[in-house]
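Asker: sequence first, predicted model second:
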Amino acid sequence: MLDSRQTIHTKNHASNQTKPRTMHQIKQIIEMTTNYKNVLLLWDFNLLPETPEIKLLESHFQNAWIIFSIASTRPDFDDGLDKGNQIVDYAFVSQNIKIIDFQVPSLNISDHLALLLEI
């Protein structure tokens, strides 16, 4: 059981605009969460895994999709504007938190799949 006095849980849809703005947002997240023992970040970052912003988050938090070898957080689609079968949604967790399970069920109800995180 996590101590709620030392826990911060956030969820959001981050900007996928200019790189300087996105990197600034990521740095703000890291700064904002430094004083919390338990951090859960469940976000639609709209960023691919190899981006510098995601790499920066990985240097501070556990990335659940890496631990559980998740292949995609989006259903398979191509509507001409966007493509599925990508990782753009993330569950980042403090290093001290044990992740019991992480699943991304294939339910095509949105252009993003649900993230199920058990800690």
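Answerer: Received the coordinates, thanks.

Asker: heading C-terminal from the lengthiest helix in the chain, find the next helix or strand.
Answerer: Criterion DSSP state H: the longest helix present in the chain is helix 19-33. Per DSSP states H and E, the first helix or strand lying C-terminal to helix 19-33 is strand 38-44.

Asker: ok so, going back, average pLDDT across the longest helix of the chain?
Answerer: The average pLDDT within helix 19-33 is 89.

Asker: and that helix, which residues are buried?
Answerer: Thr22, Gln25, Ile26, Ile29, Ile30, Thr33 (16 or more other C-beta atoms under 10 Å). (Each C-beta comes from the backbone N, C-alpha and C, glycine too.)

Asker: which residue of this protein sits farthest from its center?
Answerer: Using C-alpha atoms, centre = their mean, the residue of the chain lying farthest from its centre is Gly80. It sits 25.0 Å away.

Asker: got a list of what that one touches?
Answerer: Not one residue lies near Gly80 by C-beta atoms under 8 Å, 6 or more residues apart in numbering.

Asker: who are the packing partners of the longest helix of the chain?
Answerer: strand 7-13, strand 38-44, helix 52-58 (3 or more C-beta pairs under 8 Å, 6 or more residues apart in numbering; DSSP states H and E).

Asker: orientation of that helix relative to strand 38-44 in degrees?
Answerer: With axes from the mean of the first three to the mean of the last three C-alpha atoms, to 10 degrees as the basis, helix 19-33 and strand 38-44 are set at 150 degrees to each other.
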